[in-house]
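K.L.:
mind folding the following:
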Amino acid sequence: MSAYSISHIKKELQVLDPEQLRQVILRLGKYKVENKELLSYLLFKAHDEAIFIEEVKEGIDESLSTLNDSNLYWAKKTIRKALRFANKNIRYSGIKETEVEIRIYFCQQMKATGLPFQRSTTLDNLYIGQLKKIEKVLSTLHEDLQFDYQQQIEELRNH
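P.N.:
Numbering: from 1, shown residues only. Model prediction:
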């Protein structure tokens with residue numbers, strides 16, 4: 001079975017009555033954890049983005065708290081896990097300011113670990129990639145917001 005386009009699905013959803021729509025959404029939430037997480041964000045957390053950002057930051061802290069810094073290989077695995085968590089939550093939100101905040105926080109925490117990640121090409125490229133993503137998103141934001149974040153980004157560049 002092939003999937004229909006989003007526009008086709010959108011048209012079909014418009015003809016469903018509220019109870020049928022509720023059943024479709026609940027059924028969708030049963031099949032994948034990510035679907036359930038996205039529904040949870042949309043229903044319970046989307047109205048207060050600041051609390052959502054704090055929860056994501058706590059999740060990043062929790063992931064990095066288990067960092068095994070005795071070996072860069074194990075540290076890399078933990079850092080990638082924290083980054084996957086951050087990226088997943090950034091996708092749920094879809095708000096550019098939230099993305100910038102979370103990515104900056106991730107880089108700050110990565111820097112705060114004290115790991116010599118410049119010695120690992122993979123970790124250094126991961127860090128630089130995050131900075132590039134921040135700059136790309138930041139260029140789409142309002143000039144006042146860009147100015148607010150610029151100092152934090154300058155501190156991150158000096159790794």
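
K.L.:
CA atoms for contacts and neighbours, from now on please.
P.N.:
Fine.

K.L.:
biggest helix in the protein, by residue count?
P.N.:
Longest helix in the chain, counting residues (DSSP state H): helix 72-93.

K.L.:
counting by contacts, list what that helix packs against.
P.N.:
Applying 3 or more CA pairs under 8 Å, 6 or more residues apart in numbering; DSSP states H and E, one finds that helix 72-93 contacts helix 49-65, helix 96-112.

K.L.:
tell me the most buried of those helices?
P.N.:
Of all those, helix 96-112 carries the top mean neighbour count, a mean of 19, counting by mean count of other CA atoms under 10 Å.

K.L.:
how far off centre is it?
P.N.:
9 Å (CA atoms, centre = their mean, to the nearest Å).

K.L.:
where does this protein dip in pLDDT?
P.N.:
Within the chain, the segments meeting pLDDT under 70 span 159.

K.L.:
next one: the longest helix of the chain to chain centre, how far?
P.N.:
Counting by CA atoms, centre = their mean, helix 72-93 is centred 8 Å from the centre of its parent chain.

K.L.:
now it: buried residues?
P.N.:
Across helix 72-93, burial judged by 16 or more other CA atoms under 10 Å covers 72, 75-76, 78-80, 82-83, 86, 89-90, 92-93.

K.L.:
need the residues you listed in TSV with distance to residue 20, can you?
P.N.:
Listed next are these as TSV, based on distance: CA to CA, whole Å:
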residue	distance to residue 20
72	51
75	47
76	46
78	42
79	42
80	40
82	37
83	37
86	33
89	28
90	30
92	24
93	26
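
K.L.:
and residue 134, which of the helices and strands packed on helix 72-93 is closest to it?
P.N.:
Closest approach to residue 134 among these is made by helix 96-112 (5.6 Å; CA to CA).

K.L.:
residue 100 is in contact with residue 139, isn't it?
P.N.:
No: using CA atoms under 8 Å, residue 100 is not in contact with residue 139; the gap is 10.6 Å.
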